[in-house]
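Output the structure for:
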Amino acid sequence: MWFTRKCREGFPFESRGRILNFRPIKVMDIELSRPLPTIEGLNGYGAIQALIRLHGTPVGYVRLPVLGDCCSAEAFEEAILEEHSWAILRRFLYDGLTTMATCGRLRMEDLIHSVHPEVRIGPRPLVTVAVCSRDRTADLALCLDSLQGLSYPFLDLLVVDNAPSSNATEILVREKYPHMRYIREERPGLNWARNRAIVEARGEIIAYTDDDVVVDPGWITALVNIFAENPEVMAVTGLVVPDELETEAQILFEKKWGGFGKGFERKWYRADGNRRVGKVYGSPGKLGSGANMAFRVGVFGRIGYFDPALDAGTPADGGGDLEMFFRFLKEGYTLVYEPRAIVRHRHRRDFADLQRQLTTWGTGFYSHLLRSAFAYPEERLTLFWLGTEQFMRRNIRYGLVSSLRELSPVVRDLLCAELWGALKAPFRYRKSRSVAVKIEQTFGPLLPAPEPTISSRLIPRKRKSTAVRTVDLCQLSPLTDVADFTHVRLCVYRKDHFLGNLDIPTYGPSISRSRLCDAIVDHLGVKLLDSTPLSPDLLQRKMFRVLAGSYIQTVRAKGNVVAS
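As a prediction, the model looks like this:
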């Protein structure tokens, strides 16, 4: 009866209850190539959540309690070694492979003292960075400030002002950021603004972020590196981390809903167009987030614009990014999740805003399933079962039954808000399609998408199963003759010494050197190190810890020398 009454009243509603003994969490970065710091002046904070990075590459989080208004360097070291020793070692091995100039074995002593390699891959393309905003001038200013700090030199910065109620955004851009282009898009809806950015783009790559985001200086460089080395890749998404965890709502969103992060490992996604892909790639948020995504502009001439009946500013409320990711894969293109491309998102600060966001999540996800089912009839059964499974598992079993019995009133209200959004989706999406038609009749259609500059698919649909190739770590180069195969079995040697076999799926006519290094490190691991015996898991984990600890101690020693 309680839930039925709340549905009649409408969501969002005022949350009841609060987190007991609430204290905010300090968010920060720690760079391992510099001595670990002791953080002081943490009065009022209950914990620290630190993003651990090695030469800019994210390794993972450590979360430590604040004791005595500070957090010591020794506590950071212990937590980092306990949780991320293998990730640190993996990064050293990857760097060692990419820079190996001789046929000598990889020795940890050399890797610890080596200089991190700079990635330089051919000519750099012009990148259009599009920020779509609507009546959030204060948030937008923080985002645009961060864009000015991007390290990538060839940028076309574009602000799309979507159906604004005033000229505040235009004044902000023209007075404070005159080097950025300002475009006013009168058709209301986030996807209309994204599509206008495609029409206005001058670069061959377009990168999207939101106005409530602060971008990392190396964001565009990380995205471009993937595109430059892998011509088969048409879309790249990146890591979204919290910019702050100062309120109860922000902490609850990060803890219970996982925030926007998709992990710290690079992931490749590809599905041939003649396969049913809904079960694997239709689930919510698996492939990335609209706050951090980039595409080759030419591909939109082949697959079409973002659906204007989806996402913020429409009755459907969301789902535009999810539907586009699914469409890319359904059409046979390759998408990569690259965690080195980092942006920082400011989560909703109060429960009312968080409830509204979660309601739109429910509506947007199921609207994306409906749109994809209309566009791809062969996927309807798969998408139906995916939606049913998601609804029963998350919205009913966890969101309603468990919450009513076990969870706090705050979490229960938020979960039921997401459930309410899911229930509204069929009606909202139908209305949203009608609204999109009326908007196009009122304002006219957008210009046609740019002419396609790429083939519809870079690999044939019918291919042989597996190719066998031999690679020598002393002369590691891309594999350029594997377009006719679904997988490649690598026989890895160092000179005449056999190290092992591994299988790599092919996503295009070639396999880049960085993909080879990723696969070899993941499969062979410590076999790549000089004089490293194979050992049981427990001993191996201890070895990871010792090697990672050696690096941290070396950095500390260098820092002490410089300080003295």
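
Let me see the domain layout of this structure.
Structural domains annotated on the chain: 24-113, 127-349, 464-528, as defined by automatic domain parsing.

So which of the ones you listed has the densest surroundings on average?
Across the domains of the chain, the average number of neighbours (mean count of other C-beta atoms under 10 Å) peaks for domain 127-349, which reaches a mean of 21. C-beta coordinates here come from the backbone N, C-alpha and C atoms, glycine included.

wait, isn't residue 192 in contact with residue 183?
No. With contact defined as C-beta atoms under 8 Å, residue 192 does not reach residue 183; the gap is 11.5 Å.

so where's the chain uncertain?
Applying pLDDT under 70 to the predicted model, the residue ranges of the chain that meet it are 1-20, 100-105, 114-122, 272-284, 394-408, 451-464, 530-543, 559-564.

can you rerun that using 80?
Scanning the chain for pLDDT under 80 picks out the ranges 1-21, 98-123, 271-285, 390, 392-412, 447-464, 508, 526, 529-564.

In it, which helix is the longest?
The helix spanning the most residues in the chain, taking DSSP state H as the definition, is helix 409-443.

Report all helices and strands that that one contacts.
Using 3 or more C-beta pairs under 8 Å, 6 or more residues apart in numbering; DSSP states H and E, the elements in contact with helix 409-443 are helix 2-9, helix 248-256, helix 351-375, helix 403-405.

Next one: the spatially closest residue to residue 192 that is not a sequence neighbour from residue 113, what distance?
Counting by C-beta to C-beta, 6 or more residues apart in numbering, residue 192 lies nearest to residue 308, which is 5.1 Å off, once chain neighbours are set aside. To residue 113, residue 308 is 55 Å away according to C-beta to C-beta, to the nearest Å.

now do residue 235
Look at residue 235 and residue 113: by C-beta to C-beta, they are 38 Å apart.

Next: residue 183.
When distance is defined by C-beta to C-beta, residue 183 is 50 Å away from residue 113.

can you pull out the strands in the stretch 451-564 of the chain?
Assigned by DSSP state E, counting those that start in this stretch, the strands in the stretch 451-564 of the chain fall at 464-472, 485-494, 497-505.

longest strand of the protein?
Using DSSP state E to define each element, the chain has its longest strand at strand 334-345.

looking just at contacts, which helices and strands does that one meet?
Other elements packing on strand 334-345 under the criterion 3+ C-beta pairs under 8 Å, 6+ apart are strand 57-65, strand 213-215, helix 219-229, strand 233-242, strand 267-270, helix 320-330.

Put together CSV for those, with distance to residue 84 on each row.
Putting those into CSV (distance: least, C-beta to C-beta, whole Å) gives the following:
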stretch, distance to residue 84
strand 57-65, 5
strand 213-215, 24
helix 219-229, 20
strand 233-242, 15
strand 267-270, 19
helix 320-330, 29
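
how about these, which one is nearest residue 370?
Within those, the stretch nearest residue 370 is helix 320-330; the backing value is 9.6 Å (C-beta to C-beta).

What distance do you get for the closest residue to residue 166 other than its chain neighbours to residue 319?
Spatially, and ignoring its direct neighbours in sequence, residue 166 is nearest to residue 135 (7.3 Å; C-beta to C-beta, 6+ apart). Relative to residue 319, residue 135 is positioned 22 Å away (criterion: C-beta to C-beta).

Residue 293 pairs with what?
Judged by DSSP bridges, the bridge partners of residue 293 are residue 208, residue 237.

who's in contact with it?
Going by C-beta atoms under 8 Å, 6 or more residues apart in numbering, residue 293 touches 207-208, 235-238, 321, 325.

Residue 308 too?
With contacts defined as C-beta under 8 Å, 6+ apart, the neighbours of residue 308 are 187, 189, 191-192, 195, 314, 436, 439-440.

6 Å instead?
With contact taken as C-beta atoms under 6 Å, 6 or more residues apart in numbering, residue 308 is in contact with 189, 191-192, 436.

Backbone dihedrals for it, please?
Here is the backbone geometry of residue 308 (degrees, to the nearest 10): phi -70, psi -10.

one step back: for residue 426, find the nearest of the domains of the chain.
Nearest to residue 426, of all the domains of the chain, is domain 127-349, at 10.4 Å by C-beta to C-beta.

tell me the SS of residue 389?
In three-state terms, and counting by DSSP: H, G, I helix; E, B strand; the rest coil, residue 389 is helix.

what's in contact with stretch 90-101?
Contacts of stretch 90-101 (C-beta under 6 Å, 6+ apart): 54, 106, 111, 117, 517, 521, 528.

returning to that earlier point: let me know which of the helices and strands packed on strand 334-345 is the nearest to residue 476.
helix 219-229 (13.5 Å).

by contact count, what packs against the closest one?
Helix 219-229 sits against strand 233-242, strand 334-345, with contacts defined as 3 or more C-beta pairs under 6 Å, 6 or more residues apart in numbering; DSSP states H and E.

and these as a markdown table, adding distance to residue 88?
Formatted as a markdown table, these follow (distance: least, C-beta to C-beta, whole Å):
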| stretch | distance to residue 88 |
| --- | --- |
| strand 233-242 | 17 |
| strand 334-345 | 15 |
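
Look up phi and psi at residue 377.
phi -60, psi -30.

for the stretch 1-150 of the chain, what spans make up the strands?
25-31, 39-40, 47-54, 57-65, 70-71, 127-133.

Just checking the distance from the longest helix of the chain to the centre of its chain.
Computed by C-alpha atoms, centre = their mean, to the nearest Å, the separation of helix 409-443 from the middle of its chain amounts to 24 Å.

Kindly report the same for stretch 186-205.
21 Å.

From residue 312, how far out is the nearest residue to residue 425 once chain neighbours are set aside?
Leaving out its chain neighbours, the residue that sits closest to residue 425 by C-beta to C-beta, 6+ apart is residue 366, at 3.4 Å. In this structure, residue 366 and residue 312 are 16 Å apart, going by C-beta to C-beta.

From start to finish, how long is stretch 149-166 in a straight line?
Its first and final residues considered, stretch 149-166 spans 28 Å by C-alpha to C-alpha, to the nearest Å.

can you list contacts of it?
For stretch 149-166, the external contacting residues (C-beta under 6 Å, 6+ apart) are 124, 126-132, 134-135, 147, 169, 173, 180-186, 188, 193, 196-197, 202-203, 217-218, 220-221.

Quick check: beta-bridge partners of the spatially closest residue to residue 267 that is not a sequence neighbour?
With C-beta to C-beta, 6+ apart as the criterion, residue 267 has its nearest non-adjacent residue at 4.3 Å, and that residue is residue 337. Following DSSP bridges, residue 337 is listed with bridge partners residue 237, residue 267.

ok, now how distant is residue 337 from residue 64?
Using C-beta to C-beta, we find residue 337 at a distance of 27 Å from residue 64.

correct me, but residue 58 touches residue 263?
No. Contact criterion C-beta atoms under 6 Å: residue 58 and residue 263 do not qualify, at 9.7 Å.

In JSON lines: the strands of the stretch 451-564 of the chain, plus distance to residue 97.
Shown next, in JSON lines, are the strands of the stretch 451-564 of the chain (distance: least, C-beta to C-beta, whole Å):
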{"stretch": "strand 464-472", "distance to residue 97": "11"}
{"stretch": "strand 485-494", "distance to residue 97": "11"}
{"stretch": "strand 497-505", "distance to residue 97": "12"}
